[in-house]
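**Student:** Got a sequence here, can you build the structure:
(2 chains)
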Amino acid sequence: MKAIYILCVRQLKRYLRSPARIIGSLGQPILFLVALGFGLRAMFARAGNGDYINFLSPGIVSMAILFNAVFSGIEIIWDRQFGFLKETLVAPVSRLEIVLGRMLGGAIVAFAQGLIVFVICLIAGFRIVSSPYLPLSIFFMFMIALLFAGIGTVFGSVLQDMQGFPLIINFIIMPIFFFSGAIFTANGLPKVLRLLLQLNPLTYGVDGLRGACSSVFAFGLTTDLGVSVVLTAILLAIGSYFFSKIQL
Amino acid sequence: MGDMIVVHDLVKNYGDFCAVNHISFTVPEGRIFGFLGPNGAGKTTTIKMLTTVLDPTSGSIRVNGHDPTREQKQVRRSFGIVFQDPSLDDELTAYENMDLHGVLYGVPRGERHKRIDMLVDFVGLGERKNDLVKTYSGGMKRRLEVARALLHVPRILFLDEPTIGLDPQTRNHIWGYIQQLSKDEGVTVFFTTHYMDEADRVANEVGVIDHGKIVAQDTPAALKERTKCTNLEDAFIALTGHAIREEEANAVDRMRMMGRAWRGGGRR
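**Tutor:** Numbers count the residues shown, from 1 in each chain, chains lettered A, B, ... in the order given. As a prediction, the model looks like this:
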């Protein structure tokens, strides 16, 4: 247990000591928020769908969490290159403790970035509905963070060097973001895309977060909760498995 | 005093390639053992198997009386290791690196803090212990790694080319600490190096491995006498030949090269 704790603390320290990273990774979500949010706001309202900023903000928060969580997993590659990974792998603690510490630390960092983006969205005009569901927004944010820390851990364990990194971002992470309902609804989508959306693990986290902020859940609260929890558990297990297979 | 490391008929194959080919040797407790060999001879592969991170194809190993494949935790508690490449977290301070190590190895808090302070002083880093490791020079990082490897009071210290890329002053310093440790606390030391003068000076005994086989194991003096050479370097070449060895770079090596290029070559 202590090993999980200390590895988690390590990641928080690294995060807090790197203001460049904290600020740098805000760039993309803010760009999307401003460009899409303000760009499409009038059109969205004309179509009778209400304020687009309210619709978009949970998606942007999810995006920040998604990217940071995946990146925390991919940091395994850096630790492999700079050697720190070896130090943990010869220690008399189980691989499971090591990977749990890493994933938890990565998830907390991603969650923190999500909170910062949440506040920025509020400043940009995001209005939340006070309801008994609201505290669930914290829960969904953390589930997204854990789930994608698990996915990032799979990539970090399998990839041998950073060359595969743009591949993962462009062909897996960007599509996951675009087809998650973060920037548009499933209504009126072609069948194939709709199916893609429904198979996307991020979809239920985004919908859960949006529902917690607006009291309207497109897939239903039970579905969002159930799918998020089950998928997160599965991905943490898969991440742990791949990490345990790392050879020095 | 018994044998700290016992290796019997050890084999490691990578596909068709035989990296370690039926080797046997023992290292008695308290000894400083130099494990020498050209590039690609099987040194690092052997260390990996001794330190539980690689499973042998066949053969048996006992480290401090335990089997590295089945009793990983017991074996891991008994050794400290300084890897060929740095393994510190640059974004943490020296103290934090040590503390993290102590927690991973289950050293109780009070003892941990006492030993960290003692060890950073021992390697001459007491005044810089709260600085981030990324501000350290190569030699300081190496000394910190030696201190860290000693934190959990290991019975065996593995050093994989601990002095590569260091100036003679720092090398002397590091070997000074290690010899003192071996004398005062009876720690067994198992090291590899390409500096034959170094091996000659500090090792009580050396094993020479080439093409995955042990070609000689003796005291440095006996090896020189046997090959009729005046220094260990000539003896080493007499035993292993003049041919230059090729090693295939793996992905990690390529990344290290990239890393070196990015940081202007100043890795250590």
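
**Student:** can we go C-alpha only for contacts and neighbour counts from here?
**Tutor:** Fine.

**Student:** List the residues that contact the spatially closest residue to B:Leu150 that is not a sequence neighbour.
**Tutor:** Of all residues not flanking B:Leu150 in the chain, B:Gly80 sits nearest, at 6.1 Å (CA to CA, 6 or more residues apart in numbering or on different chains). B:Gly80 makes contact with B:Ala149, B:Leu150, B:His152, B:Pro154, B:Arg155, B:Ile156, B:Leu157, B:Phe158 under the criterion CA atoms under 8 Å, 6 or more residues apart in numbering or on different chains.

**Student:** what about B:Gly80, which helix or strand?
**Tutor:** For B:Gly80, the element it lies in under DSSP states H and E is strand B:79-82.

**Student:** beta partners for the residue nearest to B:Leu150?
**Tutor:** Counting by DSSP bridges, B:Gly80 forms beta bridges with B:Leu157.

**Student:** circling back: for the contacts of B:Gly80, give me TSV that also has neighbour count and pLDDT.
**Tutor:** Written out in TSV, the entries for the contacts of B:Gly80 read as follows (neighbours: other CA atoms under 10 Å in any protein chain shown; pLDDT from 0 to 100):
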residue	neighbour count	pLDDT
B:Ala149	24	95
B:Leu150	24	92
B:His152	24	94
B:Pro154	18	95
B:Arg155	21	94
B:Ile156	28	96
B:Leu157	23	95
B:Phe158	23	96
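
**Student:** Quick check: which element contains the closest residue to chain A within the stretch 51-200 of chain B?
**Tutor:** Evaluated by CA to the nearest CA, the stretch 51-200 of chain B has B:Ser87 as its residue closest to chain A, separated by 4.0 Å. Taking DSSP H and E as the criterion, no element holds B:Ser87; it sits outside all helices and strands.

**Student:** And for it, the neighbour number?
**Tutor:** Here the neighbour count serves as a burial measure; for B:Ser87 (other CA atoms under 10 Å in any protein chain shown) it reads 22.

**Student:** what sits against the residue minimising distance to the centre of chain B?
**Tutor:** The central residue of chain B, meaning the one whose C-alpha is nearest the mean C-alpha position (CA atoms, centre = their mean), is B:Leu159 at 1.5 Å. When the contact criterion is CA under 8 Å, 6+ apart, the partners of B:Leu159 are B:Ile81, B:Val82, B:Phe83, B:Gln84, B:Val189, B:Phe190, B:Phe191, B:Thr192.

**Student:** That one and B:Arg142, how far apart?
**Tutor:** Distance of B:Leu159 to B:Arg142, given as CA to CA, to the nearest Å: 11 Å.

**Student:** hang on, the earlier thing: confirm the residue nearest to the centre of chain B sits in a strand?
**Tutor:** Yes: checked against DSSP: H, G, I helix; E, B strand; the rest coil, B:Leu159 lies within a strand.

**Student:** What sits closest to it if chain neighbours are left out?
**Tutor:** With CA to CA, 6+ apart as the measure, B:Phe191 is the residue that lies nearest to B:Leu159, at 4.5 Å, once sequence neighbours are left out.

**Student:** Is that neighbour bridged to anything, and to what?
**Tutor:** With beta bridges defined as DSSP bridges, B:Phe191 has these partners: B:Gly34, B:Leu159.

**Student:** Using just helix, strand and coil, how would you label B:Lys141?
**Tutor:** Reducing the assignment at B:Lys141 to three states with three-state DSSP gives helix.

**Student:** Determine the number of other residues adjacent to the residue nearest to it when sequence neighbours are not counted.
**Tutor:** The spatially closest residue to B:Lys141, leaving aside those adjacent along the chain, is B:Val133, at 7.2 Å (CA to CA, 6+ apart). B:Val133 has 22 neighbouring residues, counting by other CA under 10 Å.

**Student:** Show me where chain B has its strands.
**Tutor:** B:3-14, B:17-28, B:32-36, B:58-63, B:79-82, B:156-160, B:188-192, B:205-210, B:213-218 (DSSP state E).

**Student:** Could I have the CA atoms of stretch A:188-207 written out in PDB?
**Tutor:** Presented in PDB, the C-alpha positions along stretch A:188-207 are these (Å, rounded to 0.1, in the frame of the first residue of the first chain):
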ATOM      1  CA  GLY A 188     -29.100  12.600 -36.600                       C
ATOM      2  CA  LEU A 189     -25.700  10.900 -37.100                       C
ATOM      3  CA  PRO A 190     -25.300   8.300 -39.900                       C
ATOM      4  CA  LYS A 191     -25.800   4.800 -38.500                       C
ATOM      5  CA  VAL A 192     -22.100   3.900 -38.600                       C
ATOM      6  CA  LEU A 193     -21.000   7.000 -36.700                       C
ATOM      7  CA  ARG A 194     -23.700   6.500 -34.200                       C
ATOM      8  CA  LEU A 195     -22.600   3.000 -33.600                       C
ATOM      9  CA  LEU A 196     -19.000   4.200 -33.200                       C
ATOM     10  CA  LEU A 197     -20.200   6.700 -30.700                       C
ATOM     11  CA  GLN A 198     -22.000   4.100 -28.700                       C
ATOM     12  CA  LEU A 199     -18.900   1.800 -28.700                       C
ATOM     13  CA  ASN A 200     -16.700   4.700 -27.500                       C
ATOM     14  CA  PRO A 201     -15.800   4.400 -23.800                       C
ATOM     15  CA  LEU A 202     -15.500   8.200 -23.500                       C
ATOM     16  CA  THR A 203     -19.100   8.700 -24.600                       C
ATOM     17  CA  TYR A 204     -20.600   7.600 -21.300                       C
ATOM     18  CA  GLY A 205     -18.200   9.700 -19.300                       C
ATOM     19  CA  VAL A 206     -19.000  12.800 -21.300                       C
ATOM     20  CA  ASP A 207     -22.800  12.100 -21.100                       C
END
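
**Student:** So for that stretch, what gets flagged as buried?
**Tutor:** Judged by neighbour count using 16 or more other CA atoms under 10 Å in any protein chain shown, the buried positions of stretch A:188-207 are A:Arg194, A:Leu196, A:Leu197, A:Gln198, A:Asn200, A:Pro201, A:Leu202, A:Thr203, A:Tyr204, A:Gly205, A:Val206, A:Asp207.
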